[in-house]
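In: Sharing a sequence plus its predicted fold:
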Amino acid sequence: MAEPSKAAAVSPRLEGKIDNRRRILGFMWKYRALYFISLPGLLFFGLFKYVPLMGSVIAFQNYNLFAGVTGSPWVGLEHFQRMFQHYDFLKILRNTLLLGTYDILFAFTAPIVLALLLNEVRQVVYKKIVQTIFYAPHFLSWVIVSGIFVGILSPSSGIVNVMLGWFGIDPIYFLGEDSYIRTVLVGSGLWRDVGWGTIIYLAALAGINPDLYEASEIDGAGRWRQTLSITLPALLPVITILFLLKIGDFMDYGFERVFVFQNPLNIQSSEILDTYIYKAGLQQLQYSYATAIGVFKSVVGLFLISIANTISKKATGESLY
Amino acid sequence: MRKSWTRMLTSGLVLALLVGCSGNNGGGGGANAGGGDSNGQGGSEAGPTKFSISMRTLNVSYVEKNPDINKDKYVLELEKRTNTDLDIRLIPHNEYQDKMVQMFATNDIPDVVQGTGGISGPELAGAVENGVFLPLNDLLQEHGQDLLKFIPEEAWKRMTDSKTGNIYGIPEILSNPSRRATWIRTDLLEKVGKEIPTTVEETMDVLRAFKEAGVEQPYAGRQNFKYADTFFGAYDVLGYLNQFKVFPDGKVKPTFFDEENMKQAIQIYKTMHEEGLISKEFATIESADFKSIVTSGKAGMWSMNANELPIWGTQLKENVPDATVALIPSPVGPDGKGGYAHYNPVTRSFFINAKAKDKAEDIVKFFNWMVSEDAELFFSFGIEGEDYQVTDGKPVFEVPTDAAGADKMRYLNYWLWLVQDTTYNKRVSELSDSGKELIDAFDNMLSNEGRRGIEFDPRLEAMVKYPELNPKSDELPPLILEHVLRMVYGREPIDNYGKVLEEYLSKGGNEIIEEATKRYNEKENAFE
């Protein structure tokens, strides 16, 4: 008795599916020009994003450069096991998460504040000059940034310690202490990229309808009220999207920017997954191990981004997908 | 019509996949695939042998600034003399390992590959074990007799797989592995009225006197004790890759397991840090800063490669006209010895691609020429009639003093001369005073000092597994280094050092010592 009823239930659904497919293909045909234009983009993502993704399988192998993906032996989750069992894994993970958190707290919010401040500047020339000065460091490589910071933070000749000296504070070896290194890392990132981060916000600010401000002025709103009630709400969609993107990079603090500041005196606080991958994986030619850590990082990132996206969709209606 | 669209999309995707995968397959096909671009011009007797060779630029500015090294007149001259046609592929000095691995991964391997050191360096990415290169034993017997005579047994051993007895590469050698020296400003020494110090205590005395006389950095320190390990050397606790030794308990351990001596060495650095005899921020001083500190006259004593004497000495004199500098015997520790970690007896090595088999004979002949008298003259002085003259049958050469001339000499003497004894260039050094000083230092002083222990090449597997315990050729393992620096900076008591060793053992050190002892006893690629 059950069998025929089941078949009866399935077949209309199947029909519906076929119907659906026909409709979609028809739709595609209608907009074939658009689909055609998108081909290069799709190819690009396929070639440079998805095909390399397949390389992640070496995380489950003992990859041998000369045997290649097809010839290397499979070892399952051995490399992941090794990673979790590493005696310093928790410390490294903690450093990574802490730096990620500080980065969101400071490096993410600073461009918003700066953009709002710049937005209030009336003198166009002055605004442009300030903007340019803030952008400029973005084009310096991390090696140079670290050189500058090593210089200004030097206990013997650095300007920071000279200024501390005016207040009778003994010179501090900022780069040689665990307790300061995170501040230095986040601070240097802030200095380098804060101006660059304002670009999108300034563009969004330029798009706000001036009528809104005019109307609010008639209603008697001051500048502060305007910022809270018009500017910020207008920026919120952009902020949300950028925040979601940032969450996806939560674990990717970046290798180079940390590596250039590292030394044995601050390593306890500055070793993060990215630098560990470099040292344990790439320098020792343990590609599979390095990839396993990388995969772990990506999975956590994906997890975080989907959670944040769901929350954001429910709370604000803004979302990435 | 709809079909054709689907086809297009599918074929597009297939293409994408193919392109993506062929890269991987290329790496997999490896050694067995055909000869590529090299096969076309196989060895007809008359024409020059054409082969490609990858070479690290080694920070030689003549090479790095050259628009096309293959058209350089000295390369052309070299080709003329050896009847070859080289295609030199430069590998940037600072990205050497990455680029080499890339080269192997993409299977774009030249006919000759230049490595550094033995057959299992990380830059080779295991190429030797995977059969990428040709065993050279027979070829050397037939066409490389001069090489066999010139290169000592010790260096050949480094190029030999001890299991099969196959020689895989032609080494360039360093006959005097004690390459680093202790330098001192003799003008300052005279100023404070002190003799050249010989022991650690006397050295500290001199450094204190320097400090009193207003020398900014009596001893020039540097990040991770690199080129600042004089006192670790004196106490014989360097603990680098080639610094294993047999301990009284019969086990082979890194030398920093000598707890008493290590504590004393750390104490010396701690005292220097406290008294300001070494920069308070030496933990962040990098090589460029180090050089500028020394050459601007801020340092009183330091450690550097001895063969830099003519260059650093000149630069120092340009900045501080009164400065005089000398290489002195390194301070000795409790065992009456001192000095720095010895270098690998092989500086560069050249491997021949298995795919270039048909040309291998001529390539070996090319390298064999490198140790001839003709080569020595060419690489020391340059081209006759242009760089030097011959009068009365003897070459007359003037050592260039300007920067451009020095660059050119470095290029010829050191970079382009592929197989030689790199300790110093005899013919050139004999012509100047600082050169003669150098020869004297190498032959009579440095040859008697320095620390060398047991080295494993390929390195111990346990070391690869535990990167924190893996030392560099001139740096302590990260785990030990971290604690030592903390002790020097007064953040951890020196008495804790015993616990540090326990930590080392518990974090994988036991495995390292076990493997080291086993390999040493079985004489498996262990070098003393």
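Out: Okay, I see it. Just so we're clear, the structure is a prediction, and the values are computed from it rather than from any experiment. Residues are numbered from 1 along each chain as shown, chains lettered A, B, ... in the order given.

In: residue closest to the middle of the chain?
Out: Answering for chain A, as no chain was given. A:Asp249 (3.1 Å; CA atoms, centre = their mean).

In: You answered for a different chain; I wanted chain B.
Out: So for chain B, CA atoms, centre = their mean, it's B:Thr347, sitting 5.7 Å from the centre.

In: Look at it and tell me its secondary structure.
Out: What DSSP: H, G, I helix; E, B strand; the rest coil gives for B:Thr347 is strand.

In: Just list the residues touching it, thanks.
Out: B:Thr347 makes contact with B:116-117, B:171-174, B:422, according to CB atoms under 8 Å, 6 or more residues apart in numbering or on different chains. For every residue, glycine as well, the C-beta is placed using N, CA and C.

In: Would you tell me whether stretch B:474-488 gets close to chain A?
Out: Yes - for stretch B:474-488, a contact with chain A is found by CB under 8 Å from any CB of the partner chain, at B:478, B:481-482, B:485-486.

In: Tell me the one among these nearest to A:Pro155.
Out: B:Leu485 (15.3 Å; CB to CB).

In: Quick one: list the elements packing against the one helix or strand the closest one maps to.
Out: Assigned by DSSP states H and E, B:Leu485 belongs to helix B:478-488. If you count contacts as 3 or more CB pairs under 8 Å, 6 or more residues apart in numbering or on different chains; DSSP states H and E, helix B:478-488 packs onto helix A:267-270, helix B:259-275, helix B:497-504.

In: Mean neighbour count, mean pLDDT and distance to B:Ile454 for those helices - can I get that in CSV?
Out: Below are these laid out as CSV (neighbours: other CB atoms under 10 Å in any protein chain shown; pLDDT from 0 to 100; distance: least, CB to CB, whole Å):
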stretch, mean neighbour count, mean pLDDT, distance to B:Ile454
helix A:267-270, 20, 91, 28
helix B:259-275, 18, 94, 18
helix B:497-504, 17, 94, 18
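
In: Of all those, which one is nearest B:Asp236?
Out: It's helix B:259-275; of the helices and strands packed on helix B:478-488, that one is closest to B:Asp236 (CB to CB) at 6.4 Å.

In: would you put the C-alpha positions of whichever helix or strand comes after the closest one in CSV?
Out: Beyond helix B:259-275 on the C-terminal side, the first helix or strand identified by DSSP H and E is helix B:287-295. C-alpha atoms of helix B:287-295 as CSV (Å, rounded to 0.1, in the frame of the first residue of the first chain):
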residue,chain,number,x,y,z
SER,B,287,72.5,43.2,10.4
ALA,B,288,72.3,46.6,8.6
ASP,B,289,72.2,48.4,12.0
PHE,B,290,75.0,46.2,13.2
LYS,B,291,77.2,47.2,10.3
SER,B,292,76.5,50.9,10.6
ILE,B,293,77.2,50.7,14.4
VAL,B,294,80.6,49.2,13.6
THR,B,295,81.6,51.2,10.6
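
In: Would you point out which residue of the stretch 201-321 of chain A is nearest chain B?
Out: Minimum separation of the stretch 201-321 of chain A from chain B (CB to the nearest CB) falls at A:Pro264, amounting to 4.1 Å.

In: again but with the stretch 51-200 of chain A, I slipped
Out: For the stretch 51-200 of chain A, CB to the nearest CB, closest residue to chain B: A:Gly68, 2.7 Å.

In: Save the helices and strands packed on helix B:478-488 as CSV, and put in distance to A:Leu185 too.
Out: Converted to CSV, these look like this (distance: least, CB to CB, whole Å):
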stretch, distance to A:Leu185
helix A:267-270, 7
helix B:259-275, 25
helix B:497-504, 26
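
In: Run through the chain and note the low-pLDDT ranges.
Out: You didn't pick a chain, so chain A it is. A:1-13 (pLDDT under 70).

In: that answer is for a different chain, and I need it for chain B
Out: For chain B, the stretches flagged by pLDDT under 70 are B:1-46.

In: now the helix or strand where B:Arg81 lies, how far from the centre of its chain.
Out: Following DSSP H and E, one finds B:Arg81 within helix B:73-82. With CA atoms, centre = their mean, to the nearest Å as the basis, helix B:73-82 stands 26 Å off its chain's centre.

In: just checking, what packs against it?
Out: So helix B:73-82, by 3+ CB pairs under 8 Å, 6+ apart, packs with strand B:84-91, helix B:357-369, helix B:373-381.

In: Single out the most deeply packed of the ones you listed.
Out: Comparing the helices and strands packed on helix B:73-82 by mean neighbour count (mean count of other CB atoms under 10 Å in any protein chain shown), helix B:357-369 comes out on top with a mean of 20.

In: Compare the residues of stretch B:474-488 next to chain A and tell me which has the most neighbours.
Out: B:Leu485 (25 neighbours; other CB atoms under 10 Å in any protein chain shown).

In: got a list of what that one touches?
Out: A:263-265, B:283 are the contacts of B:Leu485 under CB under 8 Å, 6+ apart.

In: Widest-spaced pair of the residues you listed?
Out: Most distant of those, by CB to CB, are A:Pro264 and B:Ala283, 7.1 Å apart.

In: one step back: name the residues of the helix holding B:Arg81 that are buried.
Out: Buried residues in helix B:73-82, counted by 16 or more other CB atoms under 10 Å in any protein chain shown: B:74-75, B:78-79, B:82.

In: again, but for stretch A:38-57
Out: For stretch A:38-57, by 16+ other CB under 10 Å, it's A:46, A:51.

In: Check the offset of the helix or strand harbouring B:Lys149 from the chain's centre.
Out: Assigned by DSSP H and E, B:Lys149 belongs to helix B:145-150. Distance of helix B:145-150 from the chain centroid (CA atoms, centre = their mean) equals 23 Å.

In: in what helix or strand does A:Pro40 lie?
Out: helix A:32-45.

In: Check which helices and strands that helix is in contact with.
Out: Using 3+ CB pairs under 8 Å, 6+ apart, helix A:32-45 sits against helix B:2-29.

In: Show the contacting residues for the closest residue to A:Leu93 other than its chain neighbours.
Out: Nearest residue to A:Leu93, sequence neighbours excluded (CB to CB, 6 or more residues apart in numbering or on different chains): A:Leu273, at 7.1 Å. With contact set as CB under 8 Å, 6+ apart, A:Leu273 has these partners: A:92-93, A:96, A:251, A:293, A:296-297.

In: repeat that for 6 Å
Out: Each residue near A:Leu273 by CB atoms under 6 Å, 6 or more residues apart in numbering or on different chains is listed here: A:96, A:293, A:297.

In: I'd assumed A:Asp249 was in contact with the last one.
Out: What it means is A:Lys297. No - A:Lys297 is beyond contact range of A:Asp249, at 10.0 Å (criterion: CB atoms under 6 Å).

In: I'd like to know how many residues surround B:Gly405.
Out: 13.

In: could the contacts of B:Leu485 go into CSV alongside distance to A:Arg22 and neighbour count?
Out: Formatted as CSV, the contacts of B:Leu485 follow (distance: CB to CB, whole Å; neighbours: other CB atoms under 10 Å in any protein chain shown):
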residue, distance to A:Arg22, neighbour count
A:Asn263, 65, 18
A:Pro264, 67, 23
A:Leu265, 68, 23
B:Ala283, 70, 22
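
In: Farthest-apart pair in the residues of stretch B:474-488 next to chain A, please.
Out: Taking CB to CB, the two most distant members of the residues of stretch B:474-488 next to chain A are B:Pro478 and B:Arg486; they sit 12.6 Å apart.

In: Right, I'll leave it there.
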